[in-house]
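Colleague: Sequence and predicted structure, then a few things I'm wondering about:
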Amino acid sequence: MKSSQFIWRLVGITAIAAAVVLLFGFGYAVYDILNPSAASWQGSAQKPAHTTDKFTDRNEIGMTAIGDSLTRGTGDATGSGYVRGVAELLETKLQKPVRILNNLGINGLRADQLVSKLDETGIRYSLAQADVIMFTIGGNDLFQSALDQNFTSGEFEAEDLFRKVEEGLANVTDIADKINEINPDARVVYVGLYNPLADLEEMRELGNRVVQKWNDGVFAVLNRYPNMTLVPTLDLFQAAFAQYIGTDHFHPNAEGYRAISERIAQSFF
């Protein structure tokens, strides 16, 4: 009899203990749902490759520009061009000196010629020293024939223009690869093309399509590198072509270069 009572008492105690554990577990689960604890970070502590640390930490920023007549500043009566304009704007934003190490712009330069220039010792040295590299290329590849004719003829074959786009983009790939090899840490900015034929009614639509295809192709090339950026200008000149274009109807005037400088400076922050 005593043995039977003991067994029933043991069963009762066990049942009560199980019920207490069950209630405790249920209560903890409810609390955890209502008050979730912070999850621990499982990712990498490494900083992303594209940061502004060098711009905020360094006492001075060095800038090198390379490319065609747009980098040279042709058409700007003040002589500033976009390069000096960007340097001035960044100095104001960063509150520190921004020094132009070299402006290596060459009038009439094509993409294939820039590929060769990037093998020259002096140019490689200048690019290697820079915190910021800016470049322009492509306008002569696409529209040099129009410039030679002073825009007096609208006889440009669409097929020929799009063929020039493909040929030029192959060289842009080499340009990006070489710049990355020379200085993989610099902030690299490519100034996108605008349409210099925008004031020719018979060429405006074709010119826009050609320039957009070029810019899209360059973006795809630069997008492989986290430190390279394409800054668009097509929309700037579409909105105010007469205001921004120079007397040769090909290069920007001082106001146009200033607008490009402001767009580039905005891309840094």
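Modeller: Yep, it's here.
Colleague: just the helices in the protein please.
Modeller: Under the criterion DSSP state H, the chain contains helices at 2-34, 53-57, 69-72, 81-94, 111-117, 121-128, 139-148, 158-182, 204-222, 234-239, 241-244, 254-266.
Colleague: Least confident of the ones you listed, on average?
Modeller: The minimum mean pLDDT among those belongs to helix 2-34 (a mean of 49).
Colleague: residues touching the closest residue to residue 59 other than its chain neighbours, list them.
Modeller: Of all residues not flanking residue 59 in the chain, residue 96 sits nearest, at 6.3 Å (CB to CB, 6 or more residues apart in numbering). (C-beta placed from N, C-alpha, C; glycine too.) Neighbour list for residue 96: 58-61 [criterion: CB atoms under 8 Å, 6 or more residues apart in numbering].
Colleague: for residue 261, same thing?
Modeller: So residue 261 contacts 82, 85-86, 88-89 (CB under 8 Å, 6+ apart).
Colleague: Quick check: the residue nearest to it when sequence neighbours are not counted vs residue 236, distance?
Modeller: Spatial nearest neighbour of residue 261, excluding adjacent residues (CB to CB, 6+ apart): residue 85 at 2.9 Å. Relative to residue 236, residue 85 is positioned 13 Å away (CB to CB, to the nearest Å).
Colleague: re earlier: CSV for the contacts of residue 96, including distance to residue 259?
Modeller: Formatted as CSV, the contacts of residue 96 follow (distance: CB to CB, whole Å):
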residue, distance to residue 259
58, 28
59, 30
60, 27
61, 22
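Colleague: list residues touching both of residue 85 and residue 236?
Modeller: residue 260.
Colleague: quick one: which two of the contacts of residue 96 are the most distant?
Modeller: 59 and 61 (8.9 Å; CB to CB).
Colleague: Any chance you could list residues touching both of these two?
Modeller: With CB under 8 Å, 6+ apart, residue 59 and residue 61 have common neighbours 96-97.
Colleague: When the two are compared, which one has more neighbours?
Modeller: For residue 59 versus residue 61, the count of surrounding residues by other CB atoms under 10 Å is larger for residue 61: 20 against 6.
Colleague: Go ahead and confirm the more buried one touches residue 129.
Modeller: No: using CB atoms under 8 Å, residue 61 is not in contact with residue 129; the gap is 11.4 Å.
Colleague: tell me the contacts of residue 191?
Modeller: Each residue near residue 191 by CB under 8 Å, 6+ apart is listed here: 67, 70-71, 82, 134-136, 231, 233, 260, 264.
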